[in-house]
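Peer 1: Here's a sequence, model it:
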Amino acid sequence: SGTARDFKDPQMDVRFNSNNVDLKKIFALVSLFNKDLKLSPSGSASIEGRFRGRTSAAKNGRLNIKAVLKNASLEGPPLPFPISNMTGTVSGDNKKFIFENLKGTVQKNDYTLNGTLNDLKNPALNITLVSSSINLTSQLKIANDPAAPSVKIIAISSLRGYYLNTPLDVQGSIALKNGTRQLNLEGHTDLELADLSALLPQLAEKIKPLNPGGLLKTNFTLRGPADNWTDWDVSIDSQSERLLLWGLKFEGVGLRFTQRDKKITDCSITSKLYAGDLNISSSADLDDDDLPFDLTLSLENTDLEKLKNDTGLKNRPLSGKIFSSLNLSGHLQDGSGLSGEGTLSVKEGNLAQMTIFKGLINALLPKEFQSVNFTSGTMGFEVRERKVSTSNLTLFSEQVTLAGRGSIDFDQNIKFLIEPKFSEIALTESQSLRTPVASVMNIANQFVDMEMTGTLSKPVFTPKPRPGKVLNKVKDALIDGLENIFQ
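Peer 2: As a prediction, the model looks like this:
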């Protein structure tokens, strides 16, 4: 209903309403005021409204409209994803639209939006977006890029809120061109590591074994195409008082990450690890499909007694200071091609109660030596073909030294050969090694190696004598023993 005056150029004052209007027709009316609005709707709505103005200059007229959406959908730039199952109320005029309890589904997630849209020619949005996992408030402006009018710029003056338990504070812009989104963002987040699997669902299976926890305070900048992270330029600077990974506590954590020109030039971590110092630095080439990387690690003075209390060994009397270094390279894509070398040592300790060493002692040494305490150990090692190999594993105690060589593969299968070397003190003080025959047997025992196979959790021990050396030493001992008998 309404009126019209001056039929040569009618002055309209029209009121309208309907319970079932195609949304495409409503947007056709809105597009009179902004032809650059490239949104494509579908579905229906009940509407009521009023239009006042001349037909020859409809875009200068006054439009008031209210629409209640019914199972509608919307897609097209500047939306990053289509919206479906839309319900709620949209009302407004030439200059401003109000969204009230506007609900919709994006990528199988349900959202509720409230807010305003001002100035259809250069849209400015103030919105609040809520779902089961997010609560965000944002102030946005959409305009053409002055330097490239075909490019739309979404300027984000403020984007604040929460994703799960992680707060976000982001500023920047998103450029829309030919269906692509170019990001230019910076901000701060206090990242709850417990949210990582939800934040990165594509990596959830790899994140799960880490069992991450703690708060990582992070400043970041990010520039690049939204749909290809390897082309991003990224800078991240993070700090944490304490993080949890694999059940272990990392304190005073600092993390730096720099990515540019398809290269991760710096990914470094510093931390206190049970009173010791952990330093990791790495880099990677994202321009190669296999994502080759290099990593360097150093660990100094970590307290084994404190560390073992957060592991399955907490009830064993283990102690010592751990030192380690590692240089490693390989492929991030599938974890293949790992190769490198390093060192591992423990000083001022008690290592005998480690499961594998306890079994080795019981299998290899006479009973009176089975309470021996290994106070230190060292080895150099190589990483090749999914194995960690060493040729110089050495465990030290006052009574006996164990020297070993062998390997542990990535499935925890072991293959080692261990050689015992008794000290002179042990030989002279041993109650069971005073007779000539016992002495012969002891010498023989010194030249019996022990083969370790099986797995780290279930090792198997098999004696392996070395015939040539055993015969020579036994012969010498028999001669000395007989001489002593007949003297």
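Peer 1: buried set for the host helix or strand of Asn184?
Peer 2: Element membership of Asn184, judged by DSSP states H and E, is strand 180-192. By neighbour count with 16 or more other Cβ atoms under 10 Å, strand 180-192 contains the buried residues Arg181, Gln182, Leu183, Asn184, Leu185, Gly187, Thr189, Asp190, Leu191, Glu192. The way it works is simple: take the backbone N, C-alpha and C, and place the C-beta from them, glycine included.
Peer 1: For the stretch 301-450 of the chain, give me the ranges with low pLDDT.
Peer 2: 334-336, 352-370, 424-448 (pLDDT under 70).
Peer 1: Find the centremost residue of the chain, please.
Peer 2: Here the mean C-alpha position of the chain is nearest to the C-alpha of Ile207 (Cα atoms, centre = their mean), at a distance of 5.9 Å.
Peer 1: hang on, isn't Asn211 packed against Leu243?
Peer 2: No - Asn211 lies out of contact with Leu243 (Cβ atoms under 8 Å); the separation is 11.1 Å.
Peer 1: Show me which of these two is the more surrounded one.
Peer 2: Leu243 (21 against 13; other Cβ atoms under 10 Å).
Peer 1: Quick check: Glu251 vs Gly213, distance?
Peer 2: As judged by Cβ to Cβ, to the nearest Å, Glu251 and Gly213 stand 13 Å apart.
Peer 1: what is in contact with these two at once?
Peer 2: Counting by Cβ atoms under 8 Å, 6 or more residues apart in numbering, no residue touches both Glu251 and Gly213.
Peer 1: How are the helices of the stretch 301-450 of the chain distributed by residue range?
Peer 2: With DSSP state H, counting those that start in this stretch applied, the stretch 301-450 of the chain shows helices at 304-308, 355-364, 424-429, 436-446, listed in chain order.
Peer 1: Contact partners for the residue nearest to the centre of the chain?
Peer 2: Leu196, Ser197, Leu200.
Peer 1: Let's verify the first one: helix, strand, or coil?
Peer 2: Counting by DSSP: H, G, I helix; E, B strand; the rest coil, the backbone at Leu196 sits in helix.
Peer 1: So what's the residue count around it?
Peer 2: Neighbours of Leu196 under the rule other Cβ under 10 Å: 19.
Peer 1: residue contacts, it?
Peer 2: Neighbouring residues of Leu196 by Cβ under 8 Å, 6+ apart: Leu203, Ile207, Pro212.
Peer 1: Next: the second one.
Peer 2: For Ser197, the contacting residues are Leu203, Ala204, Ile207, Lys208, taking Cβ under 8 Å, 6+ apart as the criterion.
Peer 1: mind running it again at 7 Å?
Peer 2: Ala204, Ile207, Lys208 (Cβ atoms under 7 Å, 6 or more residues apart in numbering).
Peer 1: got the contact list for stretch 153-161?
Peer 2: For stretch 153-161, the external contacting residues (Cβ under 7 Å, 6+ apart) are 78, 134-143, 145, 168-176.
Peer 1: In this structure Lys464 contacts Asp449, no?
Peer 2: Yes - if you go by Cβ atoms under 7 Å, Lys464 and Asp449 touch, sitting 4.5 Å apart.
Peer 1: so Phe250 bridges to which residues?
Peer 2: Here Phe250 sits in beta bridges with Leu243, going by DSSP bridges.
Peer 1: Quick one, grab the pLDDT at it.
Peer 2: According to the prediction, Phe250 has pLDDT 97.
Peer 1: how many neighbours does it have?
Peer 2: Using other Cβ under 10 Å, Phe250 is surrounded by 20 other residues.
Peer 1: From Ala275, how far off is it?
Peer 2: Summarising the geometry, the distance separating Phe250 from Ala275, computed by Cβ to Cβ, is 12 Å.
Peer 1: For Leu393, give me its contacts.
Peer 2: Applying Cβ under 7 Å, 6+ apart, one finds that Leu393 lies in contact with Met379, Gly404, Arg405.
Peer 1: what distance separates stretch 101-110 from the middle of the whole chain?
Peer 2: Put simply, stretch 101-110 sits 28 Å off its chain's centre (Cα atoms, centre = their mean, to the nearest Å).
Peer 1: Show me the shaky parts of the stretch 1-150 of the chain.
Peer 2: The model of the stretch 1-150 of the chain has pLDDT under 70 over residues 1-10, 26-38, 55-59, 77-78, 80.
Peer 1: can you give me the helices for it?
Peer 2: Remark: helices assigned in the stretch 1-150 of the chain by DSSP H, counting those that start in this stretch are 23-30.
Peer 1: if you go through the stretch 351-487 of the chain in chain order, where are the strands?
Peer 2: Assigned strands in the stretch 351-487 of the chain, in chain order: 376-384, 387-396, 400-409, 414-422, 448-454, 459-465 (criterion: DSSP state E, counting those that start in this stretch).
Peer 1: My error: substitute the stretch 51-200 of the chain in the last question.
Peer 2: Per DSSP E, counting those that start in this stretch, the stretch 51-200 of the chain has strands spanning 62-75, 83-92, 96-106, 109-118, 124-131, 134-145, 148-163, 166-177, 180-192. These are given in chain order.
Peer 1: will you turn the ones you listed into TSV that also has distance to Ser324?
Peer 2: Compiled in TSV, the strands of the stretch 51-200 of the chain are given as follows (distance: least, Cβ to Cβ, whole Å):
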stretch	distance to Ser324
strand 62-75	54
strand 83-92	52
strand 96-106	47
strand 109-118	44
strand 124-131	45
strand 134-145	41
strand 148-163	36
strand 166-177	33
strand 180-192	28
